[in-house]
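[1] Attaching a predicted model along with its sequence, questions to come.
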Amino acid sequence: MMTDRLEVEDSTTPLKQDSSWGSISEVVNAPLIDVAQDEWWISIVFFYLTMLLWIVSTLPALCCTCLFCAYLIGSSDCGCSIMFSVLGSVQRGRPLWLAPNIYRGWLSILWAFILNGATRLRLFKWEWQAFGGGEYWYHGEGVWCWSYARVQKILQGVQERKSAFGCVRASIPDMFATNNLVFLPNTGPESEWKYIRWALHQTILADAEKRLTQLKTKLSENWLKPSMNQLNDDTFLQGLVAKSCFWIYFNVWLDDVDTEIVARWNTAAKMCIFPRLVQRIAFNLFINRMKTLREETVGLIEKHGLQKLFYDMNNSLPAQYKRTPVVKLCDEIMFVLCFAGVNGATAGASSCRDFLQCKKPAESDKDNIDFGNYPTPADMEAAYKKNSIRYIKEALRLDPPVTSATTSLATDETISLAGSSRFLEKGTLNQYVLSMSNRDPKEFATPSLFNPDRQDLDKNFTWNGAFGVQSRAEDEQNYPRICPGRYIALDIISTILDMAVGNTSPEQSVPETGGCLGCP
C-alpha cells in the first residue's frame, strides 16, 4: 500500500506510476461487454444498405401513435405481433435476425425526440400520451413510469440496477466506466454499492463540508467582478462549477487548461444517451471522445499527485470488491464525480441563472413553466434573496438536472401498455421519471407554477429522493440512493448565484443535524 502521495517535480511533469496503479488506456480499451447481436458491425452495414426503407417506414409513426406503439410493443397481445416489435426482440435477447425491430422502434423514438424539440421531458410526455396516458410506457429496452407514488416506492426500496442507462444496456467499458456506482444495485449492507459509497465519503468527501465554507473566498480570489452577465457565457459558468467541484473534492484549484478538461464532461455526457447501435452508426465518434476524456480526467489525478486517495479507498474495500489495477477504481469514481456531480451542478446553476432572468432554459418543457407572481428579473431576484435554497429547489423541481434513472423490475409484472397487457419478467429494465413525478398533480398543487413558497416543495425528487424536513441520516434511511452530493450541489449553485446578484444574506443549505455528508 502507498502511504504517501506520489511526488511530482512540477505541475507539468508526468508521474512515475507504481505498477499497481495501472494504465487508464488499457481500462478504456478493454474488451467490450454485453454487445447485443443487433449491434454487431454486420448489422450496422445492413442498416446503412437499407436505411431509406427504415426512414420511410418510421416517419408515419409521428402522425399515427398506434403505429408508434406497435413498433415498440406490438399491435396486440398476440405472441406473433409482439415478436416483431422492440419488446419481442428484447425478450429474445436482441438476436441479429430481429435487428429490424430495433431499427424501426428506435428510429421512431428519434423522430419523436426531434419533433419535441430535442427536449427529454417533452419527449417523455409525448410517449406517455401515445401509450394512453396511464402509469407506463415503453422506450428503449424497458418500461417507464412516472407517478409520484410509483417513483417513491422505487426510491425507498432496493434497486436491482444493471449496467444500463436511459433504459438501454450501457456501452461498457468504452463509453461508461464499468461497475461505477450508478450501475451497482443497493442490495444490502454487504453490497458492493454500499462499500464503495462509504469509502468515497471516508476519503474524497471527508473534508468536503470544510472546503464548502471556504468556497466563496476561493471564488472571490478568481472572480473579481461577479455579474449575472458573465454567467450568461456558458463556458464561463461551466468553468466556475468545474473549478468549484474539483476544489471541494480534492483541495486543488485548477488552472484554465485543466478546467477545460473537467468542463468538457458537460457536452460529452449528452452523447451517452445513445446506445451502442447508434454509436456505431456514428462510427464511434462519441465513444472515442469519451475514451479520450476519461483518460485526460484520470491524467489530472496523476498530474496533481492525488493517487493516494484512490489507493486508500481501494484498500478499505473487502477483497472481493478491490480493483486491479487501482486506476480502474479511479476511473469509476471520477466518472461518477464528473458525469453526475459536475454535470448536475452545472445544469442546476444554468437553470437557476435562466430563471433569475425570467428565461426558460433551452432544454426545459417551456410550455409548462409558469413564472406566475415573478414576471420580471427584479421579482425573481427578490424571491431568490428571500430564500436562495428554496428558490433553487423550486427551479430545479421544474427543470431537474437529472430527468430520469434506470433500475429494473423487482418482480414479474403484467403491465397495461396502450390499452393491452404485456407480461414483463423480473429484471426487465425500468426507468423512473423524476421530472414528471415532480409535476404529479396528486402531490403538487399547480405543478407548472413556479412558487418557492409552496408548502409541498420538499417533497420533490430532484436529487433522487426527498429531503429538507428531516435530518440527513433520516433522509438517507428513507431514500437509500439519494444523491450523496445534494448539499454540495446546492452550496456551489447558491454561492455562485449569491455573488452574481450580490446576495449578502445567503441561506444555509445543510441542516444542522444529521450524520456525515451523504453517508449511505
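    Yep, that arrived.
[2] rest of the way, CA atoms for contacts and neighbours
    OK.
[3] how deep is W97 tucked in, by neighbour count?
    As a burial measure, W97 scores 11 neighbours (other CA atoms under 10 Å).
[4] what sits against it?
    Shown in contact with W97 (CA atoms under 8 Å, 6 or more residues apart in numbering): D38.
[5] Helix, strand or coil: sort out it for me.
    The three-state label given to W97 by DSSP: H, G, I helix; E, B strand; the rest coil is helix.
[6] all strands for the protein, in order.
    136-139, 142-145, 164-165, 168-169, 404-408, 413-417, 420-424, 429-433 (DSSP state E).
[7] quick one, which of those strands is nearest to S220?
    Set against S220 and scored by CA to CA, the strands of the chain come closest in strand 404-408, at 34.8 Å.
[8] Packed most tightly, which of the strands of the chain would that be?
    Of all the strands of the chain, strand 429-433 carries the top mean neighbour count, a mean of 27, counting by mean count of other CA atoms under 10 Å.
[9] With only the CA atoms kept, save it in PDB.
    Written as PDB, here are the backbone C-alpha positions of strand 429-433 (Å, rounded to 0.1, in the frame of the first residue of the first chain):
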ATOM      1  CA  LEU A 429     -35.200  -2.500 -17.300                       C
ATOM      2  CA  ASN A 430     -37.400   0.100 -15.600                       C
ATOM      3  CA  GLN A 431     -36.900   3.800 -15.900                       C
ATOM      4  CA  TYR A 432     -38.400   6.100 -13.300                       C
ATOM      5  CA  VAL A 433     -39.000   9.700 -14.500                       C
END
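[10] tell me the angle of it relative to strand 404-408?
    Strand 429-433 runs at 150 degrees relative to strand 404-408, counting by axes from the mean of the first three to the mean of the last three CA atoms, to 10 degrees.
[11] ok, strand 429-433: who's next to it in the sheet?
    Strand 429-433 has these partner strands in its sheet, going by DSSP bridges: strand 142-145 (parallel), strand 404-408 (antiparallel).
[12] and those as TSV, adding distance to M313 and mean pLDDT?
    As requested, the strands paired with strand 429-433 are exported to TSV (distance: least, CA to CA, whole Å; pLDDT from 0 to 100):
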stretch	distance to M313	mean pLDDT
strand 142-145	34	98
strand 404-408	26	97
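[13] where's E443 relative to D456, distance?
    Remark: distance between E443 and D456 (CA to CA, to the nearest Å) = 8 Å.
[14] right, and T504 touches D498 too?
    Yes: assessed by CA atoms under 8 Å, T504 is found in contact with D498 at 7.3 Å.
[15] and these two? which has more neighbours close in?
    Higher neighbour count among T504 and D498: D498, with 22 against 9, using other CA under 10 Å.
[16] Now the more buried one. Nearest residue, chain neighbours left out?
    Counting by CA to CA, 6 or more residues apart in numbering, D498 lies nearest to P506, which is 6.9 Å off, once chain neighbours are set aside.
[17] Same question for F236.
    Q230 (7.0 Å).
[18] what's the neighbour count on the one you found?
    14.
[19] how much space between it and W146?
    The gap separating Q230 from W146 is 37 Å, by CA to CA.
[20] The stretch 301-450 of the chain: helices as residue ranges?
    Listed in chain order, the helices of the stretch 301-450 of the chain (DSSP state H, counting those that start in this stretch) span 307-315, 326-336, 343-356, 377-386, 388-398, 434-437.
[21] closest to K125 out of those helices?
    helix 434-437 (8.1 Å).
[22] can you list the strands of the chain in TSV and add distance to Q129?
    Formatted as TSV, the strands of the chain follow (distance: least, CA to CA, whole Å):
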stretch	distance to Q129
strand 136-139	9
strand 142-145	12
strand 164-165	23
strand 168-169	21
strand 404-408	17
strand 413-417	11
strand 420-424	15
strand 429-433	14
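[23] closest one to D367 among the ones you listed?
    That would be strand 429-433 among the strands of the chain, by CA to CA, at 18.6 Å.
[24] Just the pLDDT at the closest residue to L449 other than its chain neighbours, thanks.
    Counting by CA to CA, 6+ apart, D370 is the residue found nearest to L449 once chain neighbours are left out, at 4.7 Å. D370 carries a pLDDT value of 98.
[25] Now for D370, how many residues are close by?
    Neighbours of D370 using other CA under 10 Å come to 17.
[26] what does I42 give?
    The number of residues near I42, taken as other CA under 10 Å, comes to 11.
[27] Out of the helices and strands in this protein, which is least certain?
    In the chain, no helix or strand scores lower on mean pLDDT, DSSP states H and E than helix 472-478, which sits at a mean of 87.
[28] just how off-centre is that helix within its chain?
    Relative to the chain's own centre, helix 472-478 is displaced by 21 Å; criterion: CA atoms, centre = their mean, to the nearest Å.
[29] Would you mark the buried spots in that helix?
    For helix 472-478, burial by neighbour count (16 or more other CA atoms under 10 Å) applies to R472, A473, D475, E476, N478.
[30] which ones are touching the third one?
    By that I understand D475. G465, A466, F467, I482.
[31] Just the buried ones from those residues?
    The buried subset of those (16+ other CA under 10 Å) comprises G465, A466, F467, I482.
[32] could those go into TSV alongside distance to C167 and pLDDT?
    TSV is the format used below for the buried ones among the contacts of D475 (distance: CA to CA, whole Å; pLDDT from 0 to 100):
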residue	distance to C167	pLDDT
G465	20	96
A466	23	95
F467	26	90
I482	19	95
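[33] so can I have a markdown table of these showing distance to D491?
    Converted to a markdown table, the buried ones among the contacts of D475 look like this (distance: CA to CA, whole Å):
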| residue | distance to D491 |
| --- | --- |
| G465 | 18 |
| A466 | 17 |
| F467 | 15 |
| I482 | 17 |
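[34] Closest to I301 out of the residues you listed?
    Nearest to I301 among the buried ones among the contacts of D475 is I482, at 26.6 Å by CA to CA.
[35] show me the contacts for T178.
    S163, I172, E332.
[36] Kindly report the same for V35.
    Per CA under 8 Å, 6+ apart, neighbours of V35: S171, R276.
[37] one step back: any chance of the strands paired with strand 429-433 in JSON lines, with distance to L417 too?
    Output for those, formatted as JSON lines (distance: least, CA to CA, whole Å):
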{"stretch": "strand 142-145", "distance to L417": "9"}
{"stretch": "strand 404-408", "distance to L417": "17"}
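[38] Out of the ones you listed, the one nearest R323 is which?
    That would be strand 404-408 among those, by CA to CA, at 24.0 Å.
[39] which ones are touching the residue lying closest to V28 once chain neighbours are set aside?
    Here the nearest residue to V28 in space, its sequence neighbours aside, is D174; by CA to CA, 6+ apart that works out to 5.0 Å. Going by CA under 8 Å, 6+ apart, D174 touches V28, N29, A30, L32, I287, N288, M290, K291.
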